[in-house]
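>>> Predicted coordinates and the sequence they were generated for:
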Amino acid sequence: MTTNTAATPPHRADARRNRERLVAAAATVFAEEGANAPLDKIARTAGIGNATMYRHFPTRDALLEAVLHDVYGELSVLAEQLCTVTPPIDAVARWLRAFIGFSQSYFDLPEPILAAAYDEASALYASCQAMRSVATHLITRAQQDGTLRADIDILDLCAHASGIAWATQRSPDKEQTTRMLAVLMDGLRA
């Protein structure tokens, strides 16, 4: 298992500034060009050399994790808050809606998120795992009250939601996501 160096800010002020500039540039470039944007462009946008970028973020996943860290935290907090929502199936639907919206925030983001779910060496794995762990409580509640199929787990839900995000992120039909999520929720009901 790897340690997550992307989440640990450097101690020197100039190193922290460089890291912050890289994360801000990555967020901008990923929003404009997608999660597979050239890393060289991110370094240029930040006004930082490639070597410095790779010292802070040795892989694309490490940089993605730094950009997405706060969103993962927000999804985890949302899952905790939704654990009080009744009926539990509604809490699952609301969390999936937020997850889909997050996954649509950068083109091509669903692919690295899903890949990280199965790759413990990925810098995204630990934060994805933490988020999934909290969301599992939502699923368990809905399964225990008999409203959610018993044969589904968080990886299944994230894969379905990522598929919806991928399929709809370039669609001009603003209601397509809502319709696809409704179909998914119909299929998830016990």
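In hand now; what should we look at?

>>> mind giving me the domain split of this structure?
The record's domain split for the chain, according to automatic domain parsing, is 7-58, 59-188.

>>> Would you reformat those domains as TSV and include mean pLDDT?
Below are those laid out as TSV (pLDDT from 0 to 100):
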stretch	mean pLDDT
domain 7-58	90
domain 59-188	90
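
>>> For those domains, give me JSON lines that also has mean neighbour count.
Using the backbone N, CA and C atoms, a C-beta is placed for each residue, glycine as well. Converted to JSON lines, these look like this (neighbours: other Cβ atoms under 10 Å):
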{"stretch": "domain 7-58", "mean neighbour count": "16"}
{"stretch": "domain 59-188", "mean neighbour count": "18"}
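
>>> Which neighbouring elements make contact with the helix or strand harbouring V23?
Counting by DSSP states H and E, the element that carries V23 is helix 13-33. Judged by 3 or more Cβ pairs under 8 Å, 6 or more residues apart in numbering; DSSP states H and E, the packing partners of helix 13-33 are helix 39-46, helix 50-56, helix 60-82.

>>> how distant is it from the center of its chain?
18 Å (Cα atoms, centre = their mean, to the nearest Å).

>>> so it versus helix 39-46, what angle?
Helix 13-33 and helix 39-46 are oriented at 120 degrees to each other (axes from the mean of the first three to the mean of the last three Cα atoms, to 10 degrees).

>>> hang on, the earlier thing: mind putting the helices and strands packed on helix 13-33 in CSV, distance to E32 included?
What follows is the helices and strands packed on helix 13-33, written out as CSV (distance: least, Cβ to Cβ, whole Å):
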stretch, distance to E32
helix 39-46, 9
helix 50-56, 18
helix 60-82, 13
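
>>> Which one of these lies nearest to A159?
Of all these, helix 60-82 sits nearest to A159, with 15.7 Å by Cβ to Cβ.

>>> elements contacting the closest one?
helix 13-33, helix 39-46, helix 88-103, helix 110-117, helix 125-144.

>>> Test my guess that S122 contacts L64.
No. Assessed by Cβ atoms under 8 Å, S122 is found out of contact with L64, at 9.2 Å.

>>> Now do the contacts for L82.
Counting by Cβ atoms under 8 Å, 6 or more residues apart in numbering, L82 makes contact with A91, R94, W95, L138.
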